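Asker: Here is a sequence together with a model predicted from it:
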Amino acid sequence: MLSSLGNIVRITELRSKLVFTLLMFAVFRVGAHIPVPGVDPAAIEQLFASGNLFGLLDLFAGGALSKFSIFAMSITPYINASIILQLLTVVVPALEKLSKEGADGRKKITQFTRYGTVLLGFLQAVGMAYGLRTAMHNPSFFNIIIVALTLTAGTVLLMWIGEQMTEKGIGNGISLIIFAGVVSRLPDGIGIIIQYLQAGTISILNVFLFLVIAAAMVVFVIAIQQGMRKVSVHYAKRVVGRKMYGGHTSYIPLKVNQAGVIPIIFASSVLKFPTTIGQFVDVEWVRTVTSWFAWGSPLQTLLYVLLIIGFTYFYSEISMNIPDMADNMKKYGGFIPGIRPGKPTSEYLERIMTRINLVGAVFLAIIAILPNFVALLTDIQGVYFGGTALLIVVGVALDTMKQIESLVLMRHYQGFMK
């Protein structure tokens, strides 16, 4: 392990990428502690301490939301804009054409995503500033707009930092920002557990059980994230000019968790609408209906699981164009042994993906609702572990390690992962 780390340090390019990434992390953490002007941070922290629907968002923001800093919205508007553009690419022919134009088309879609980030960020910032106006020193219209512009500027700055990390650092910058936000909350979680131990609320046995469950969840997530079904593909020999092509065997890697963390984000966003409305509408029947959708309630948990399963199938369907995949295989002389090229191949792959998606959907549903059961089993409240955060941390860590591995192997050193 030490020799592998030494190989990383000796590569100048990789060393500079790591240093740049760490510097951007430092900028992100400093910005998470710069408060928005005109807001009382103590009132905001009291509001979050009482528990509400922004707890998970605060986890992704690395505590910036509970401090109501300039990075309070984190990179969430960018993620929403990216998902919306990805969905529109399937629906809108002009965007679909752009996505197939190579680097120039992707550059234009990226530009649209930036515009969408600014628009969604400003709308979210206005709603957030208005909803938390009780924590402002002077909740006038002008001050609400100033706060909204400050929050939007913070999100745009984070978007730029993420893009710079992708270009000049290691891994995907946007994912690494979320990763840094989640990991930065780890010391707070340890502090809460220590306070519980000192107060006698929990015992060492509770902590040991929590650690065992956490380790098992991490192993489970890694196994599923790395799992795939390899569909063997044979390519027939063909002569083009004086050269012979084909005659080899390859495979199509169909991942078990093809949709990633997006179904959980979709499902949680949909279920947040009732609770969000309930916070701003002071009517008895609205509060009653809102209580049915409270986080961890039976109805909320059941709908959460069903929405995750539905969105997993939906997103996998739009992200993988299996008929095009089958047509391309037929065009280049590829075939699956025992399956005729063309439509039979497409139907065969569809059947495989339907079964794999079921496993992936159940996996995502289990991971999403596990934090509720972890708290019940261990009696450790206020320490969020699992769900979206765990998927992001494990997924980003694996992808970053793979990129480091490839850069190390390019320089003829022994790989980091054995």
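Answerer: It's in. Numbers count the residues shown, from 1 in each chain.

Asker: Off-centre distance for stretch 169-182?
Answerer: Averaged C-alpha coordinates place stretch 169-182 at 10 Å from its chain's average position (C-alpha atoms, centre = their mean, to the nearest Å).

Asker: Tell me the confidence at the nearest residue to Y332 once chain neighbours are set aside?
Answerer: Of all residues not flanking Y332 in the chain, Y235 sits nearest, at 6.7 Å (C-beta to C-beta, 6 or more residues apart in numbering). Glycine gets a C-beta too; all of them are placed from N, C-alpha and C. Listed pLDDT for Y235 reads 76.

Asker: again, but for F68
Answerer: Looking at F68, its pLDDT stands at 75.

Asker: picking up where we left off before, touching, the residue nearest to Y332 and G334? I think so.
Answerer: Yes - assessed by C-beta atoms under 8 Å, Y235 is found in contact with G334 at 4.9 Å.

Asker: who touches both of those two?
Answerer: Here Y235 and G334 have S250 as joint contacts, going by C-beta atoms under 8 Å, 6 or more residues apart in numbering.

Asker: more neighbours, the two?
Answerer: Legend: neighbour count by other C-beta atoms under 10 Å for Y235 and G334, higher for G334 (21 against 16).

Asker: residue contacts, that one?
Answerer: 233-236, 250, 328, 341.

Asker: mind listing which of these are in helices?
Answerer: Using DSSP state H, the members of the contacts of G334 that fall in helices are N328.

Asker: In ChimeraX, select just the buried ones from the contacts of G334.
Answerer: In ChimeraX, this line selects whichever of those come out buried by 16 or more other C-beta atoms under 10 Å:
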select :233,234,235,341
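
Asker: need the contacts of G334 in JSON lines with distance to L88, can you?
Answerer: Shown next, in JSON lines, are the contacts of G334 (distance: C-beta to C-beta, whole Å):
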{"residue": "V233", "distance to L88": "31"}
{"residue": "H234", "distance to L88": "37"}
{"residue": "Y235", "distance to L88": "35"}
{"residue": "A236", "distance to L88": "38"}
{"residue": "S250", "distance to L88": "32"}
{"residue": "N328", "distance to L88": "24"}
{"residue": "P341", "distance to L88": "32"}
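
Asker: Among the contacts of G334, name the ones in strands.
Answerer: Using DSSP state E, the members of the contacts of G334 that fall within strands are 233-235, 250.

Asker: what's the farthest-apart pair in these?
Answerer: Across these, no pair lies farther apart than H234 and S250, at 8.1 Å, counting by C-beta to C-beta.

Asker: Run through the helices of the stretch 301-418 of the chain in chain order.
Answerer: 322-331, 343-378, 387-410 (DSSP state H, counting those that start in this stretch).

Asker: Right, I'll leave it there.
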